[in-house]
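**Q** Compute the structure for the input listed below.
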Amino acid sequence: MSKRREKWDQRYRDKSDAAPGMPGFLLPWLTKLQDGRLLDLASGDGSIALNLPDRFEVCAVDFSEVALQRLEQFAVQKALVVETIQTDLESTEALLSLGRFQSVIICRYKPSETLLLQLPQILLPGGSLIIATFNNLHHQKNGFPERLTLQPDELSTIDGLNLIEYQNGTESGDSIDVYLFQKPGH
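**A** Purely as a prediction, here's the structure:
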């Protein structure tokens, strides 16, 4: 097992036994998604996957096996069906093998160039992508690694997707930027 994976597994082992709640900043953005199959990338132990409306068929993907085990346990407790896949988000073959989705959410994770190139292939025509992750203010306030934060407008262009809406959190003193993209099509 890699040191990076062990670090994330340990992080989830150290968490409380409580199921994670939905990040409040994401709630208004969920109304902009169409019903259907939804991919929660970098899902952790399920703050999004466990708290989505019933209108989504959810697949959660994360690097940490422990996080996904926690997610599965919480899903059973809540009588929810959530498909979980443990894989490295940089693995092109693994992500493309999941099929296509109406919606994709990436929360609190800065996608790499490799992942950004895959997203249009994963989305169905007309599908939506939400990326909500830390901006540089999070680095300035909390010492979070700067390489894992976004600069203003950093993700405003993804080939094959149209930017529908962008919320620059630093303008309001918030440490999260949110992007909503849509794949052209019906």
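**Q** going forward, measure contacts and count neighbours with C-alpha atoms only.
**A** OK.
**Q** Contacts only, for residue 17.
**A** Listed by C-alpha atoms under 8 Å, 6 or more residues apart in numbering, the contact set of residue 17 is empty.
**Q** Mind pulling up the pLDDT for it?
**A** Predicted confidence (pLDDT) for residue 17: 90.
**Q** Kindly report the same for residue 170.
**A** For residue 170, pLDDT reads 84.
**Q** And residue 130, by the same measure?
**A** pLDDT at residue 130 comes out at 98.
**Q** now residue 186
**A** 69.
**Q** From the contact counts, what lies against the helix ranked longest in the chain?
**A** Ranked by residue count, the top helix of the chain under DSSP state H comes out as helix 65-77. In terms of contacts (3 or more C-alpha pairs under 8 Å, 6 or more residues apart in numbering; DSSP states H and E), helix 65-77 is packed against helix 3-13, strand 82-86.
**Q** Can you tell me which of these is most buried?
**A** Of all the helices and strands packed on helix 65-77, strand 82-86 has the most neighbours on average by mean count of other C-alpha atoms under 10 Å, namely a mean of 18.
**Q** angle of that strand against helix 65-77?
**A** Computed by axes from the mean of the first three to the mean of the last three C-alpha atoms, to 10 degrees, the angle separating strand 82-86 from helix 65-77 equals 170 degrees.
**Q** moving C-terminal of strand 82-86, what's the next helix or strand?
**A** Next in sequence after strand 82-86, counting helices and strands by DSSP states H and E, comes helix 92-96.
**Q** Would you mark the buried spots in that following helix?
**A** Judged by neighbour count using 16 or more other C-alpha atoms under 10 Å, the buried positions of helix 92-96 are residue 95.
**Q** try stretch 156-168
**A** Residues 156, 161, 162, 163, 166, 167, 168 are the ones in stretch 156-168 that count as buried (16+ other C-alpha under 10 Å).
**Q** between those, which is nearest residue 36?
**A** Nearest to residue 36 out of these is residue 161 (C-alpha to C-alpha; 18.7 Å).
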